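**Q** following is a predicted model, sequence given first.
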Amino acid sequence: MKSFKTQSKRVLDLMINSIYTNKEIFLRELISNCSDAIDKLYYKGLKEGISGLTRNDFAISLKVDSQKRTLTISDNGIGMTAEELESNLGTIAKSGSLAFKTENAEEIKGDDISVIGQFGVGFYSAFMVADKVEVYSKAFGQTEANLWVSKGTEGYEVKPCQKDGHGTDIVLYIKPDTDDDKFSDFLQEYKLRSLVKKYSDYIRYPIKAEVTEYKELTEKEQKEGKQRESFKKWETLNSMTPLWKKNKSEVTEEEYDGFYKDSFFDYEKPLKHVHVSVEGSVNYKALLYIPSKTPFNYYGKNYEKGLKLYTDGVLITEKCADLLPDYFGFVKGVVDSELSLNISRETIQQSRQLKQIGANIEKKIKNELLDMQKNDREKYDEFFQNFGLGLKYGIYSSYGMNAETLKDLLMFKSAKDGKYITLKEYVEKLSEEDKFIYYGSAKTVDGVKNLPQSENLLDGGKDVLCFLDDVDEFAIKMLGEYSGKTFKNVLSEVAQSDDEQKLNQENDGLLQEIKNCLDGKVAKVKLSSNLKSRPVSLSSEGEITLDMERVLSSMPGGVDGVKAEKVLEINPNHAVFEKLKKIYLEDKDFLKDYAEILYFSARITLGLEVENSQEITDKIINVISK
Ligand code: ADP
C-alpha cells in the first residue's frame, strides 16, 4: 500500500468527511475527466493520422450493479499507464483544481470546502459518495492494463489487471445511506439521468446508460392480464450539443451562468453573457462572458487573456490570445469555428480566418458594451469601474490607434455630481460656442472640485471631468478632441479678457519682480480673475500640463526633465494682492519670502510635491513673526 502525498491526503480527508451538500457533482467531475481523456485521444489521432479513431467510436458509459452497490463510469479515451495512474491519482498536486487553488491562494483562504466545490473538485470527489474506488485503465497503444484501488486516506495500490480495449473504468462502491444522505440514489436510473442532464448535457460524446424499458403488450396479452416484461437497453442521456451550439431560446440563464462558473473558475456569476452565431465569410459560434469582478491579477503582468478555441467541437487551445485585443482581455469565453482541423498552436497566429473572427468578436463586444451603456447604465457603471482602466490604457498604449474603437466606451466622473458620464453626454450639454471639454486631475472627485480653477467653471454652470487615474490625461491627449470640442485641463492657461490684460499691464513691475524672486520656478506670473475665492493657483502653458509632469516624474525610472511651463496665477480680488502691492513698494527684500510661500501654497492646493518643505516652513515662521 502506498501513501498519498500529504497535500492530497488533506483534500481527500475533506472529500470523505465533507459536509459539502452538493455531493452529486462527483458525477460531473468524473464524466468531465472521461471527456478530456477522449479529447486527448481524438486529437492525437487527428494529429498523428491514426486510422480507426472516428468520432462515433467514442463513448462514456454508466453502469449500475444494485447488488454490489457499484456505479461504473467508463470511457474509451486515452487511458493511463501504471506510472500515470500513480502520478495522476496518487497526488492531487496534478489536479487542475488544486493548481488553480494554489495560484489563487490569496483569494481563497483556508480549506473552504464550498469554494473548492465551485472550482471543480476533480477525481477525489468520488470519495464523497464512495468508500472504495477502483480505476481500471489501459493506455492507448499498450497491451498491459492496471488497476488503481483505494479506500480513502490510508493509501492506494496499483497492480496489473485484465481489461479489454483502451480507456478507463472507474468503479465506485457507493456508501451506505445515512440519516442525511441517501447515497443509494446514485444507483438509480432516474437520478443518473437527471444528473447528466443537469451537469453534463453538453459533453460532446454520448453518455450512455443501461436503462430499463418495457415491452408493449398486445391486446390479447392485456386482456389476459399479463405483466409487461422489462428489458435493458443502452440509451444516450445527453444531448451532446455544447451550449454555444444551441439556440439562444433553448438555453436558460442558469445554464449560461453555470457554464461560465464551471469553465472559467469563477464563483460569481458573470455580469453579462453574449451568445454569438455568425454565418458568412467566416462561420463561428461563440459564447462570451464579461466577469462581474476584476480578476485579482487583471492589471498585472502575468494576466493571460484569451478565449477557448474549438474547431467543430474539438478543443484546440485553452487560451487563444489572438482572438481578443488587450483592452478586451477581460472577456472569457469559447469560440467554435470550422477552421481547418490540422490547425496547430503554431499556425493559429497566421490564420487569416482567425483574424477575421477576432475582428468580428471585437466589434460584437464593443456593440454589446455600448448597448449596456445605453440601456442598463447601472451595469455599465459596474463594468467600467472594473475594466475602464484597461480601455484607457488601450487608447494610450496604441498611440491613439484604438481611439476610434474605444472613445465612446470611455466615462469619467463628473465634478458636478460625482456620477460617471460619457464624452458624448458631456458634449451634448455644451452650446455651439463652447469650445472645450474641461477636465481636472486629482485623486478624488472632491479634489477636482476643489481645484481653484474648477470652482469658477462649476459656478458658471460648466462641468469638469474628473481624471482620477494617472493614464487619463495621456489617453485623452491621444484623442485630442471629441465631436469637435477640444480637451482642456482646467489648470492650463486661459485667454485673458481685455480688462484682465489691462490690469496685468498696470502691475507688470510687481509681476516681473515676483517671477524673479521665484528663480525660474515659473515661466510667468499673472493676475487672473477666474480663481474665485482662492488667492493663488498654478496653471501651465503649452503641451505638458502639471499633471503630466507629476505622472512622468513619478514613473519608475522617471522621465525627468519633462517640465510643464508653469504660470503662477494671483487673484486680484483677494486681500493677498493688496498686501503684495504694499510689500513691493515698502519692503522689496521681504517680497521673496512672500512669493515663495504663495508659490508653494499653490503647489500644496493642487496636490503637487513640495521638495524643500523645511525651507518653506522657516519662511512661513519668518513672515508670521515679522
Ligand atoms: P483534473 O481533471 O482537474 O486535472 P483530476 O483530479 O480530476 O484533476 O484528475 C487528475 C488527472 O488524472 C487528470 O488530469 C488526468 O490526467 C487523469 N485522469 C483522470 N480521469 C481520467 C480518465 N478517465 N482517463 C484518463 N485520465 C484520467
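**A** Alright, I've got the coordinates.

**Q** tell me, how many residues neighbour residue 554?
**A** By the criterion of other C-beta atoms under 10 Å, residue 554 has 11 neighbours. No exception for glycine: its C-beta is placed from N, CA and C like everyone else's.

**Q** pLDDT at it, what is it?
**A** As predicted, residue 554 sits at a pLDDT of 72.

**Q** excluding chain neighbours, what is closest to it?
**A** Closest residue to residue 554 apart from its sequence neighbours, by C-beta to C-beta, 6 or more residues apart in numbering: residue 470 at 8.0 Å.

**Q** residues near that neighbour, how many?
**A** Residue 470 has 17 neighbouring residues, counting by other C-beta under 10 Å.

**Q** name the helix or strand for residue 238, please.
**A** Assigned by DSSP states H and E, residue 238 belongs to no helix or strand.

**Q** and the gap between it and residue 424?
**A** 47 Å (C-beta to C-beta, to the nearest Å).

**Q** if we can go back for a sec, quick one: the residue nearest to residue 554 and residue 552 touch, right?
**A** No. If you go by C-beta atoms under 8 Å, residue 470 and residue 552 don't touch, sitting 9.6 Å apart.

**Q** all strands of the stretch 401-550 of the chain, in order?
**A** Listed in chain order, the strands of the stretch 401-550 of the chain (DSSP state E, counting those that start in this stretch) span 411-414, 420-422, 436-441, 465-467, 481-482, 485-489, 524-527, 536-541.

**Q** point out where the stretch 1-150 of the chain drops to low pLDDT.
**A** Along the stretch 1-150 of the chain, the parts satisfying pLDDT under 70 run over 18-21, 91-121.

**Q** could you redo the last one with a cut-off of 90?
**A** 1-25, 28-29, 32, 36, 39-40, 42-57, 87-125, 128 (pLDDT under 90).

**Q** kindly report the same for the stretch 251-400 of the chain.
**A** For the stretch 251-400 of the chain, the stretches flagged by pLDDT under 90 are 255, 258-259, 261-267, 280-283, 295-297, 299-302, 309-319, 337-355, 397-400.

**Q** 50 instead?
**A** 341-343, 345-346 (pLDDT under 50).

**Q** separation between the single nearest residue of the stretch 201-350 of the chain relative to the ligand and residue 295?
**A** Using C-beta to the nearest ligand atom, the single residue of the stretch 201-350 of the chain nearest to the ligand is residue 265, 10.5 Å away. Here residue 265 is placed at a distance of 10 Å from residue 295 (C-beta to C-beta).

**Q** got any residues that touch both of these two?
**A** When C-beta atoms under 8 Å, 6 or more residues apart in numbering defines a contact, no residue borders residue 265 and residue 295 alike.

**Q** how about the residue nearest to residue 455 when sequence neighbours are not counted, what does it touch?
**A** Distances taken as C-beta to C-beta, 6+ apart place residue 532 nearest to residue 455, at 4.6 Å, with adjacent residues excluded. Residues near residue 532 by C-beta under 8 Å, 6+ apart: 452, 455-456, 459, 571.

**Q** now the residue sitting nearest the centre point of the chain: closest residue in space that isn't a chain neighbour?
**A** Centroid check for the chain by C-alpha atoms, centre = their mean gives residue 330 as the closest residue, at 3.6 Å. With C-beta to C-beta, 6+ apart as the criterion, residue 330 has its nearest non-adjacent residue at 4.9 Å, and that residue is residue 387.

**Q** quick check: that neighbour touching residue 331?
**A** No. In this structure, residue 387 is not within contact of residue 331 by C-beta under 8 Å, at 9.3 Å.

**Q** list the residues that contact both of those two?
**A** Residues touching both residue 387 and residue 331 by C-beta under 8 Å, 6+ apart: residue 290.

**Q** neighbouring contacts of stretch 17-36?
**A** Here stretch 17-36 has contacts from 60, 73-75, 77, 113-114, 116-117, 120-123, 125-126, 128-129, 168, 170, 172, 181, 186, 192, 195-196, 199-200, 203-205, 207, 262, using C-beta under 8 Å, 6+ apart.

**Q** give the PyMOL command for selecting the buried subset of these.
**A** In PyMOL, a selection of the buried entries from those looks like this (16 or more other C-beta atoms under 10 Å):
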select buried, resi 60+73+74+75+77+113+116+117+120+121+122+123+125+126+128+129+168+170+172+186+192+195+196+199+200+203+204+205+207+262
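
**Q** out of the contacts of stretch 17-36, which are inside strands?
**A** 60, 73-75, 168, 170, 172, 207 (DSSP state E).

**Q** can you pull the pLDDT of residue 542?
**A** Note for residue 542: predicted pLDDT of 84.

**Q** any idea how far the residue of the chain most remote from its centre lies from residue 214?
**A** Note on the chain: the largest C-alpha distance from the chain mean falls to residue 224, namely 67.8 Å (C-alpha atoms, centre = their mean). Using C-beta to C-beta, residue 224 is found at 16 Å from residue 214.

**Q** check residue 267 too.
**A** 44 Å.

**Q** so which of the two has more stuff around it?
**A** Between residue 267 and residue 214, residue 267 has the larger neighbour count (other C-beta under 10 Å), namely 13 against 10.

**Q** which SSE is the more buried one in?
**A** Using DSSP H and E, residue 267 is not contained in any helix or strand.

**Q** hang on, it packs against residue 261?
**A** Yes. Using C-beta under 8 Å, residue 267 is in contact with residue 261, at 6.4 Å.

**Q** about what we covered before: pLDDT score for the residue nearest to residue 554?
**A** On the pLDDT scale, residue 470 is placed at 90.

**Q** need the residues that contact stretch 389-397.
**A** 298-299, 325-327, 329-330, 384, 402-403, 405-407, 409-410, 469, 471-472, 474-475, 478-479.

**Q** quick one: which of those sit in helices?
**A** 384, 403, 405-406, 471-472, 474-475, 478-479 (DSSP state H).

**Q** can you lay out those residues as TSV showing distance to the ligand and neighbour count?
**A** Supplementary listing: these in TSV, determined by distance: C-beta to the nearest ligand atom, whole Å; neighbours: other C-beta atoms under 10 Å:
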residue	distance to the ligand	neighbour count
384	34	20
403	42	19
405	37	18
406	37	24
471	38	17
472	42	21
474	42	19
475	40	23
478	43	18
479	45	19
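
**Q** could these go into TSV alongside distance to residue 540?
**A** Formatted as TSV, those follow (distance: C-beta to C-beta, whole Å):
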residue	distance to residue 540
384	29
403	23
405	30
406	27
471	19
472	16
474	15
475	18
478	19
479	19
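
**Q** so what's the residue count around residue 234?
**A** 12.

**Q** so it, which of the three states?
**A** At residue 234 the chain is in strand, as set by DSSP: H, G, I helix; E, B strand; the rest coil.

**Q** could you do residue 11 as well?
**A** Residue 11 ends up helix, using three-state DSSP.

**Q** distance check, it against the ligand.
**A** With distances taken as C-beta to the nearest ligand atom, to the nearest Å, residue 11 is found 9 Å from the ligand.

**Q** wouldn't that residue be in contact with residue 123 here?
**A** No. The criterion here is C-beta under 8 Å, and residue 11 misses it with residue 123 at 10.4 Å.

**Q** now for the two: what residues contact both?
**A** Common contact partners of residue 11 and residue 123 (C-beta under 8 Å, 6+ apart): none.

**Q** test my guess that residue 217 contacts residue 225.
**A** No. Taking C-beta under 8 Å as the contact criterion, residue 217 and residue 225 are not neighbours in contact, 9.7 Å apart.

**Q** more neighbours, these two?
**A** Neighbours of residue 217 and residue 225, each counted by other C-beta under 10 Å, are more numerous for residue 217; the result is 15 against 7.

**Q** remind me which residues of the stretch 451-600 of the chain are low pLDDT?
**A** Judged against pLDDT under 50, the stretch 451-600 of the chain has no low-scoring part.
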